[in-house]
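Asker: Using only what follows, build the 3D model:
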Amino acid sequence: MKILQIATEFDLKKLGGAEKMVYLLAGHLSKAGHKVSILTCEDSDGFNNVKIIKIPKAKDLPSVYGNSTRSIFSMLNIMQLFRFKKIFKEFDIIHFHNVHSYSLLFYAMAAARSQRKKLMWTPHDYWFACPKQTFLTDDGKVCTDPASCNSTCFKSSRIRSIFLFRHRTTRKFHSMDIALPTSDYAKKRLIEFGIDKNKIQTVYNGVEIIDPDNDNDLGEHILFIGYLDRRKGTHSLIRAMPEVRKAIPEAQLIFMGDGPEIANLKNLANDLGVKDIVKFTGRLSEKEFEEMFQSARLVVVPSIWPEIFGLVATEAMVRKKAVIASNVGALPEIVQHEKTGLLFEPGNAEDLADKITALYHDEERLRKFGEAGRSIATANFDIDDYSNTIEKLYVKLMSESN
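Answerer: The predicted structure follows:
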């Protein structure tokens, strides 16, 4: 088959969670003998016979309306429609992932439908229903009314009108042949968004099943991996550290990743008197990443936004690491409380501190959670099983087309 994966922010040099899934899936499909390409707005290199097709970002397109409205009024650039028609002509399956461009979505869907292509969609965040992509209001609460955006998110009625217009554009997703949410929580959100439940099938993301380097080594530090912004709950994790330090004087917290909140997080650690036990590594090489992961005692996923999956949690489980995660979004589907780790109230630093101190020195539970996590991850989150499932769905769509 000839398969096109669409992920507008795919860049091989800096893979986020969604982009990592596109990378693994594309590599598997190419290895299986399919012709695979990735359409992106980034300057990325190809890999494993996977071709990269770059298209311009909205800001790079001509607009007489100025930069502030360029992403909307680039929808008037009809040349995009012809560009997509030319690209799509050679493919059998168009698989949408994160498409963070309304004009790209609008014309891509129009071009694909005009050629009667089979369309699949895997959302990796809530961009389709929430302009902020997070389902979080400004006060940090999970949004319960995303359809109308009647939250405190938009102070200006003009800005709200623009975003509601853009939000209606994402209704194009309703015409997908099949939607593949990465969790049952995400499936529920898709149904609320108006997607026909008969078109929806939950397919959990997959991870590479590697063998832990130090099977019996519990490690030493507390580890966070991911993008450093407020939705990831990083501030709550630092606020938990003064209490953790009292109970565990040797505790070290390591943040592996980068993001816009790094300066604020460093200031917060300094203000709370835990600067000396909180470290920031930035982005690491693949080898350094693995060494840091393997030497962790436990992994914390403190998100306050309702994660659509929880890739870091599954990566930790594969490595036999106990996980402490927020009880929000899809995380309770991944981390089973008192079986593979512990769940805590999102944003509650005191509860998080209690969970860390209760588990850190409990070697029996650390090993028990690690073993159970490894077993569940290999059974439910194997990248080979994930890719095979997607491949079978492609075949099914093609047979229905024929």
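Asker: where does the nearest residue to Arg83 once chain neighbours are set aside fall, phi/psi-wise?
Answerer: Excluding the flanking residues, the one nearest Arg83 by C-beta to C-beta, 6 or more residues apart in numbering is Ile55, at 6.7 Å. In short, each C-beta sits where N, CA and C put it, glycine included. Reported as degrees, to the nearest 10, the phi and psi values for Ile55 are phi -120, psi 160.
Asker: ok, now which ones touch Phe135?
Answerer: Tyr126, Ala129, Val142, Cys143, Pro146, Arg189, Trp305, Pro306 (C-beta atoms under 8 Å, 6 or more residues apart in numbering).
Asker: Quick one, which of those residues are buried?
Answerer: Tyr126, Ala129, Cys143, Pro146, Arg189, Trp305, Pro306 (16 or more other C-beta atoms under 10 Å).
Asker: Pick the one among these closest to Lys197.
Answerer: Nearest to Lys197 among the buried ones among the contacts of Phe135 is Arg189, at 12.0 Å by C-beta to C-beta.
Asker: My guess is the closest one contacts Cys130. True?
Answerer: No: Arg189 lies out of contact with Cys130 (C-beta atoms under 8 Å); the separation is 9.3 Å.
Asker: Name the weakest-confidence residue in the contacts of Phe135, if you would.
Answerer: Of all the contacts of Phe135, Pro146 carries the smallest pLDDT score, 62.
Asker: Return the closest of the contacts of Phe135 with respect to Thr357.
Answerer: Set against Thr357, the nearest of those by C-beta to C-beta is Trp305 (25.3 Å).
Asker: element containing the closest one?
Answerer: Per DSSP states H and E: Trp305 is located in neither a helix nor a strand.
Asker: Ok, Ile52 next?
Answerer: Element membership for Ile52, per DSSP H and E: strand 51-54.
Asker: list the buried ones in that strand?
Answerer: Ile52.
Asker: For the protein, give me the ranges with low pLDDT.
Answerer: The chain contains residues with pLDDT under 70 at 58-77, 145-173, 213-216, 401-402.
Asker: Isn't the residue nearest to Arg83 up against Cys41?
Answerer: Yes: in terms of C-beta under 8 Å, Ile55 counts as a neighbour of Cys41; the distance is 6.0 Å.
Asker: so what secondary structure elements neighbour the strand holding Ile52?
Answerer: Other helices and strands packing on strand 51-54, by 3 or more C-beta pairs under 8 Å, 6 or more residues apart in numbering; DSSP states H and E, are strand 35-40.
Asker: What strands line up against the strand it packs on, and which way round?
Answerer: strand 2-6 (parallel), strand 51-54 (parallel) (DSSP bridges).
Asker: hmm, who's touching the strand holding Ile52?
Answerer: 4, 10, 36-46, 87.
Asker: can you do 10 Å?
Answerer: Residues from elsewhere that reach strand 51-54, judged by C-beta atoms under 10 Å, 6 or more residues apart in numbering: 4-6, 10-12, 26, 30, 35-46, 87.
Asker: Mind checking which of those residues are buried?
Answerer: 4-6, 10-12, 26, 30, 35-42, 44, 87.
Asker: quick one, what contacts Met317?
Answerer: So Met317 contacts 207, 299, 310, 323, 334-336, 340-341, 369-378, 380-381 (C-beta under 10 Å, 6+ apart).
Asker: And the residues you listed, which of them are buried?
Answerer: Using 16+ other C-beta under 10 Å, the buried members of the contacts of Met317 are 207, 299, 310, 323, 334-336, 340-341, 369-370, 372-374, 376-377, 381.
Asker: Now the helix or strand where Lys287 lies: buried residues?
Answerer: Assigned by DSSP H and E, Lys287 belongs to helix 286-294. The neighbour-count check on helix 286-294 (16+ other C-beta under 10 Å) flags Met292, Phe293, Gln294 as buried.
Asker: The second one contacts Lys321, correct?
Answerer: Yes: Phe293 lies in contact with Lys321 (C-beta atoms under 10 Å); the separation is 7.6 Å.
Asker: Output the helix holding Lys287 as CSV - backbone C-alpha positions only.
Answerer: Listed in CSV are the C-alpha atoms of helix 286-294, where the atom choice follows Å, rounded to 0.1, in the frame of the first residue of the first chain:
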residue,chain,number,x,y,z
GLU,A,286,19.4,8.8,22.9
LYS,A,287,22.2,7.1,24.9
GLU,A,288,22.0,9.7,27.7
PHE,A,289,18.2,9.5,27.8
GLU,A,290,18.3,5.8,28.3
GLU,A,291,21.0,6.0,31.0
MET,A,292,19.0,8.6,32.9
PHE,A,293,15.8,6.5,32.5
GLN,A,294,17.4,3.3,33.6
